[in-house]
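Visitor: A structural model of the following input is requested.
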Amino acid sequence: MSSSEVHKVCLPPYKTTIQKLRHGLSEIFFPDDPFHGFKNQTWFKKLVLGLQFFFPIFLWAPNYSVKLLRSDIISGLTIASLAIPQGISYAKLANLPPIVGLYSSFVPPLIYSVLGSSRHLAVGPVSIASLVMGTMLSEVVSPIDQSILYLQLAFTATFFGGVFQASLGFLRLGFVIDFLSKATLVGFMAGAAVIVSLQQLKGLLGIVHFTSKMQIVPVLSSVIQHKDEWSWQTIVMGVGFLIFLLTTRQISLKKAKLFWISAAAPLASVILSTILVVLMKSKVHGIKTIGHLPKGLNPPSSNMLYFDGPHLALALKTGLITGILSLTEGVAVGRTFAALKNYQVDGNKEMMAIGLMNMAGSCSSCYVTTGSFSRSAVNYNAGAQTVVSNIIMAAAVLVTLLFLMPLFYYTPNLILAAIIITAVVGLIDYQAAIRLWKVDKLDFLACLCSFFGVLFISVPLGPAIAVGVSVFKILLHVTRPNTVILGNIPGTQTYQSLNIYKEAQRVPSFLILSVEAPIYFANSNYIQERVLRWIREEEERIKSNKENELRHVILDLTAVTAVDTSGLDSISELKKLLEKRSMQLVLANPVGSVMEKLNHANMLESFGPKGLYLTIGEAVSDISFTWKAQP
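Guide: Predicted coordinates for the structure are as follows:
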């Protein structure tokens, strides 16, 4: 290649500070450009588009048909058969009255059906949020001795959680929940599943006095210490129904078309166990039942919201943590089923929908709700077409609240324990943990920290420790970025790592290095020291092999997406150090933002035409051509 074929490295088009700020904010908060459809539209069309944007029901309702309704009715009734027993069970898990679980399966699904953008998300209480809320509140307030205050805090935590969720969506700050990595969630859910399952031994064994702590050691100790309270009748019936529920779950997992078996099994178990207790109540006295549940619609609870008092911080903290966890689960589940059906779910709309339904729920005797994976999977497999399935489910819950509540009087607590265990067993994803170990050891460490943190420390602190490990991983990548030495693939203008590509060859008199991260204040000194070490090692290799002396160091900046003032100072200092050693620093393929910073720092002139190239190949060819042209 001759020097005339070298391409000039250009600066990006000039932009004012306001233009840069506007572009930066747009990329952060509006990467999907949600308002692009409003351009060049009449005011009436903009009004319609606005309604469809904020209320997705206006988007699909005009095209709704009887055929779609038929599918939604079937799926709605199917998930109702699962939602009713799960609602009662999860309320018990949160140490709340069972009726609150049914209230939470009525109002929130109706709100979501108007605001939500997912067609398959089935809304209601979920095990993880229920467990966390029950754990955090019961550590400070007794759900038995201070039942009214506990209920107030539960509703207030739900309100704060909803405000937080809606704010994230409105301000388009959804990236905040991304700090709960996949590894963290895998470990957290597995640990929570173990703790939840062990807690249900109270119901399965018939224990009356049981620890309120959620760590594995106190729970197992409580089980052993209260052996005298074990009820053989409860154990026999509980284990029998648990085996039945787990068997139906396995059948549905192996054959997707038989999903209805595991979906109908919880309600069938509730009905059958209730009948058995009624028939044997004169002979069996050791089996504890739910007891009286009030009939009627959700009573208002806005007057119970707790905004002033010594426990306000507890409600706020509980709402924040349960809000993050439920939001993460809801958005992830919605996106999962949207991908299967090839449609888009707007994450920010989902956050606002989930947040607003929790705010409304807190004023109508509901606790924190979101999209449930198990119910959403049943909803999807049952053929749901739109969110009308949530309306059908809510209607079924309404009928239950108005007319069927007395039927639950003799429902045994053991069946609720069996339903909870069956539901949470699916949260233990050991295959995902194995993949984490194979792919990324630090991710696996975060998973373990979350898992054991939940088991031995506390439910909220487990994921917090894992988030700390994940943040440490990010800082490690930022402060200690990868730098590799490159060689030329013979017969090409391609340069790749010498460690990976054995056919790659060093270019005599050149040391070609690639920096695979932005250069910031946190890593600029490390990068400078690492480059100097590469140079020292290369000089030692050249000396031992008696090769041509090192004259040029080329830094490939392809992966350097940004640089700050500390990074610029480090590059400038490195250039001066090399010049003192009769070497030249050459930069290859700097991106637009880096070129702009180099220009503003008046560094482009110091590099000159032989210090800045578009590619490594052009740099090597042009500099080599210059050597040959010299007499």
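Visitor: tell me which residues in stretch 214-221 are buried?
Guide: Within stretch 214-221, the residues that qualify as buried are 214-216, 219, counting by 16 or more other CB atoms under 10 Å. Quick note: C-beta positions are derived from backbone N, CA and C, even for glycine.
Visitor: specify which member of those is nearest to W43.
Guide: In terms of CB to CB, no member of these lies closer to W43 than M214, at 55.7 Å.
Visitor: report pLDDT for the closest one.
Guide: Here, the pLDDT recorded for M214 equals 70.
Visitor: who's in contact with it?
Guide: 131, 135, 195, 199, 458-459 (CB atoms under 8 Å, 6 or more residues apart in numbering).
Visitor: about what we covered before: widest-spaced pair of the buried residues of stretch 214-221?
Guide: M214 and I216 (8.6 Å).
Visitor: what touches both of those two?
Guide: Contacts common to M214 and I216, judged by CB under 8 Å, 6+ apart, are I195.
Visitor: which of the buried residues of stretch 214-221 lies closest to T42?
Guide: M214 (57.7 Å).
Visitor: going by secondary structure, the residue nearest the centre of the chain is in what exactly?
Guide: Centroid-nearest residue in the chain, with CA atoms, centre = their mean: T328, separated by 4.4 Å. Here T328 sits within helix 312-340, counting by DSSP states H and E.
Visitor: now that helix: how far from the chain's centre is it?
Guide: 8 Å (CA atoms, centre = their mean, to the nearest Å).
Visitor: quick one: mean pLDDT for whichever helix or strand comes after it?
Guide: Next along the chain after helix 312-340, taking DSSP H and E as the criterion, comes helix 347-362. Average pLDDT, helix 347-362: 92.
Visitor: what are the pairing partners of the helix or strand following helix 347-362, and which direction each?
Guide: Once the chain leaves helix 347-362, the next helix or strand it forms, by DSSP H and E, is strand 370-371. Strand 370-371 has the following strand partners under DSSP bridges: strand 123-124 (antiparallel).
Visitor: what angle do helix 347-362 and the helix or strand hosting I18 make with each other?
Guide: According to DSSP H and E, I18 maps onto helix 17-29. Here the directions of helix 17-29 and helix 347-362 differ by 60 degrees (axes from the mean of the first three to the mean of the last three CA atoms, to 10 degrees).
Visitor: so what touches stretch 601-617?
Guide: 1, 6-9, 486, 493-495, 512, 554, 556, 565, 568, 571-572, 575, 584-590, 595, 598, 619, 622-623, 626.
Visitor: now, of these, which are buried?
Guide: Buried subset of these (neighbour count, 16+ other CB under 10 Å): 6, 9, 486, 495, 512, 554, 556, 568, 571-572, 575, 584-590, 595, 598, 619, 622-623.
Visitor: what's the pLDDT at the closest residue to L198 other than its chain neighbours?
Guide: Computed as CB to CB, 6 or more residues apart in numbering, the closest residue to L198 that is not its neighbour in sequence is V219, at 4.7 Å. On the pLDDT scale, V219 is placed at 85.
Visitor: touching, V219 and Q199? I think so.
Guide: Yes - V219 lies in contact with Q199 (CB atoms under 8 Å); the separation is 6.3 Å.
Visitor: how many neighbouring residues does the closest residue to Y526 other than its chain neighbours have?
Guide: Excluding the flanking residues, the one nearest Y526 by CB to CB, 6+ apart is R480, at 6.0 Å. Applying other CB atoms under 10 Å, we find 14 residues neighbouring R480.
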